[in-house]
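[1] Predicted model follows, preceded by the sequence.
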Amino acid sequence: MASGKKTLEIRRWRPDLAATEDLPIVENGRFLTQDGDEDRNGAAVAIVKVKTVRPFVLSDMEAACASYFEDGWFAWELVDVRPVHAARHIVAARGIYAVEFAP
């Protein structure tokens, strides 16, 4: 995402964000499957804005860097992507949550 190759984030839910709000993207090393799951070794990789949210379609596969397609998911169109190189770990969790780090 920070390199600009991935321009869509694919999720089953819609974010409650205004198009002007910043969203930090935290990468983690394991798939978080349940509410409350966390990975304490997450890393901030970018700060983005979510321009629009729309249904995920098959032609989105490349922009999402996705390996499979399933109906019913949402494509979050990401803009204003700003790479972050944080020097410390950040907790990765499910959903949208507040993080503090020095960009």
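    Now that the structure is in, tell me what you want to look at.
[2] alpha carbons only for contacts and neighbour counts from here, please
    OK.
[3] List the residues that contact residue 2.
    45, 46, 81, 82, 83, 84 (Cα atoms under 8 Å, 6 or more residues apart in numbering).
[4] Helices of this structure, residue ranges please.
    According to DSSP state H, the chain carries its helices in the segments 61-64.
[5] Any stretches of it with poor pLDDT?
    Applying pLDDT under 70 to the chain flags residues 101-103.
[6] 80 instead?
    1-2, 86-87, 100-103 (pLDDT under 80).
[7] For residue 36, see how far away residue 45 is.
    Using Cα to Cα, to the nearest Å, one gets 22 Å for the distance from residue 45 to residue 36.
[8] just to revisit the earlier point, among the contacts of residue 2, which lie within strands?
    Among the contacts of residue 2, the members found in strands (DSSP state E) are 45, 46, 81, 82, 83.
[9] These, buried ones only, as a ChimeraX selection?
    Those of the ones in strands among the contacts of residue 2 that count as buried under 16 or more other Cα atoms under 10 Å are selected in ChimeraX with:
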select :45,46,81,82,83
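[10] Let's have the ones in strands among the contacts of residue 2 in JSON lines, adding distance to residue 32.
    Output for these, formatted as JSON lines (distance: Cα to Cα, whole Å):
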{"residue": "45", "distance to residue 32": "17"}
{"residue": "46", "distance to residue 32": "19"}
{"residue": "81", "distance to residue 32": "23"}
{"residue": "82", "distance to residue 32": "24"}
{"residue": "83", "distance to residue 32": "23"}
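[11] In the ones in strands among the contacts of residue 2, find the pair that's most separated.
    45 and 81 (9.9 Å; Cα to Cα).
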